[in-house]
Every structure is written in structure tokens, then in C-alpha cells.
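Novice: need a structure here:
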Amino acid sequence: MTLPAGVALRPAVPDDAEAGADLHIACWREAYGPLVGRDLLESRLHDRALWVAAWEQQLASGPPRTVAETGDQLVGFAVTGATRDGGKESGAVAAYELLAIYTRAAFWGSGVGQALLDAVLPGDSISLWVLEDNERARGFYRRNGFVPDGAREHYAGLDSWEIRMVRQ
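Specialist: Numbering: from 1, shown residues only. I've put the predicted structure just below:
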């Protein structure tokens, strides 16, 4: 899918930590606001410094992130890495995991999310976790060949159930 005019993808760099944290917070509000309790969501988002620190750490030592930007504004990001499922009851089903993919709501359906996903997908099988009630995201993943594998866990951070989807 072609990116909208003026939007470009590039590798994230350490100088993106603050803008990335702000993007991440905004995306959580837009994506999860309709799905989880407002007070719980805001309690997770209120401390910007924690989000900036997490982005700094992840940019320094985590798997590479790809960002989408227009002008000097970040509008999306995606990252894959080694699966985190090895220690879970459901066990690992793929070597890689889509750790995060977000775009601002203004860019939903524009092709930005698809371009980000295409940019970070490994050639091997991959899994992801998505909120069970997030039908918009689940539809996006289904269109990209991901299917639920039956694993379901409670995500205490948002007091919501999530399911695992896998693409072989």
C-alpha cells in the first residue's frame, strides 16, 4: 500500500524518545480509550517521564523501531523482536513477536499502519497479542494473515483480556 503524501518511514533514533513517548501516549488514548476504563487508562498514561525513559531505554538497547513521520511529527511506529511468550503458560509459538504497532487515529485506514507492518515483519513466523475487544486491530491483523491460536490472557495493565494471533 502506498503511503499518504508527505508521510515517510525511517528507523527511529535516540532523538525520537520524547516525540515517540508523546506519540505512544496519544495512540493509547485513541486506541484504548473506547475499550478500557478511563481512570485506569489515565493512571497508566499520566507520567510522561516514565514513557520518555522507556523510549530512551528501548531506543538504546531494544530491537529497532520504525517510525512514520510527516514533516517533523511522528504519526506511527512499529517494532518486532524476539517473542516474549517463552515464560507464559501458553508457550512460544513463533520466534518473533510484533511487540507494538500504532498510528494516530487520523491515519487509520490511510496505509500508514500497513506500511509500518510491512517494514518490520520478519520472513519467519510471528505472533502478537491484541486486546480481545479491539475489533478494529484484529481485523487489520486478519487481513494480514494473522489468526487466533486459542491463547488468551488477562492484561492487568489495562484490566482487559488479550488474545494471541499468529502468522505462519
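Novice: contacts for the host helix or strand of residue 26 next, please.
Specialist: Using DSSP states H and E, residue 26 sits in helix 17-32. Residues external to helix 17-32 that are found in contact with it (CB atoms under 8 Å, 6 or more residues apart in numbering): 12, 41, 44-45, 48, 51-52, 54-56, 59, 65, 67, 73-77, 102-105, 131, 134, 137, 158. The way it works is simple: take the backbone N, C-alpha and C, and place the C-beta from them, glycine included.
Novice: list buried residues within those.
Specialist: By neighbour count, with 16 or more other CB atoms under 10 Å, these hold 12, 41, 44-45, 51-52, 55-56, 59, 65, 67, 74-77, 102-104, 131, 134, 137, 158 as buried.
Novice: and those, which of them are in strands?
Specialist: Using DSSP state E, the subset of those located in strands is 65, 67, 74, 75, 76, 77, 102, 103, 131.
Novice: and the helix holding residue 26, which residues are buried?
Specialist: Going by neighbour count (16+ other CB under 10 Å), the buried part of helix 17-32 is 17, 19-28, 31-32.
Novice: which residues touch the residue nearest to residue 116 when sequence neighbours are not counted?
Specialist: The shortest distance from residue 116 to any non-neighbouring residue, by CB to CB, 6 or more residues apart in numbering, is to residue 78 (3.9 Å). Residue 78 sits next to 65, 66, 98, 100, 101, 102, 116, 117, 119, 120 when contact means CB under 8 Å, 6+ apart.
Novice: of those residues, just say which sits nearest to residue 165.
Specialist: Residue 165 lies nearest to residue 98 out of these, by CB to CB, at 8.9 Å.
Novice: ok so that closest one is a helix residue?
Specialist: No - according to DSSP: H, G, I helix; E, B strand; the rest coil, residue 98 belongs to no helix; its state is strand.
Novice: beta partners for the residue nearest to it when sequence neighbours are not counted?
Specialist: Nearest residue to residue 98, sequence neighbours excluded (CB to CB, 6+ apart): residue 128, at 3.9 Å. Beta bridges link residue 128 to residue 165, judged by DSSP bridges.
Novice: residues near residue 128, how many?
Specialist: By the criterion of other CB atoms under 10 Å, residue 128 has 24 neighbours.
Novice: wait, doesn't residue 80 sit right on residue 99?
Specialist: Yes - judged on CB atoms under 8 Å, residue 80 makes contact with residue 99 at a distance of 6.1 Å.
Novice: neighbour count winner among those two?
Specialist: More crowded of residue 80 and residue 99, by other CB under 10 Å: residue 80, with 22 against 19.
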